[in-house]
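1. Sequence first, then the predicted structure, then my questions.
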Amino acid sequence: METVLFYLFGGIALVSAIFVVANRKVFYSAISLIICLCSVAVLYLILESPFIAAIQVIVYAGAIMVVFLFVIMLLDPFSSAIIRGKKAFLAYIGVLLGILTVTLLYPILKSYDLAPTPKNLRGIDGGVGSVKQLGDVLFNDYLLPFEMTSVLILIAIVGVVVLAKRQQPK
């Protein structure tokens, strides 16, 4: 039964992830992302990790999606002013800046081992899968990816504020 549920929710996660990218309407993409995140949480439950499943629902399907929907409503992608104001050269500049960023960060990321060999998890108080063990691994072994994620979210928030500021009527 577990195998059937695993494949069922894995398929739901995969199909909804494809819908996130394939949908032309932003709101339907956001709904598909919520479905994908919740099905991943069910996969965590099937794999006997209830804490990670709860965090998946609370943090990603809850808080992050509220931020996404706030950004969607703030930018109002269906406004006629935005549709008229699109400039093709800005897309090219964005792609060039993305390539430049990846080129500059590649040596740093190559030198850092993003997936270190796991330590002996049985020696940590609380046992395998405990909150203490998760915190120790997250803030010791995976500190750089954790901080990179927070910087990426901060950059996204600043970008949204700049875009929203530009589009206000004068």
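-> Happy to help now that I have it.
2. okay, now Leu97: neighbour count?
-> Here the count is done by other Cβ atoms under 10 Å, and Leu97 has 10 residues near it. Heads up, the C-betas are built off the backbone N, CA and C, glycines and all.
3. For the host helix or strand of it, give me every contacting residue.
-> Under the assignment given by DSSP states H and E, the secondary-structure element containing Leu97 is helix 88-111. Contacts to helix 88-111, defined as Cβ atoms under 8 Å, 6 or more residues apart in numbering, come from no residue at all.
4. buried set for that helix?
-> Taking 16 or more other Cβ atoms under 10 Å as the neighbour-count basis, helix 88-111 is seen to contain no buried residue.
5. Beyond that helix, next helix or strand please.
-> If you walk from helix 88-111 toward the C-terminus, the next helix or strand you reach (DSSP H and E) is helix 131-136.
6. which helices and strands sit right next to that next one?
-> Applying 3 or more Cβ pairs under 8 Å, 6 or more residues apart in numbering; DSSP states H and E, one finds that helix 131-136 contacts helix 50-55.
7. What's the mean pLDDT across the helix it packs on?
-> Helix 50-55 carries an average pLDDT of 83.
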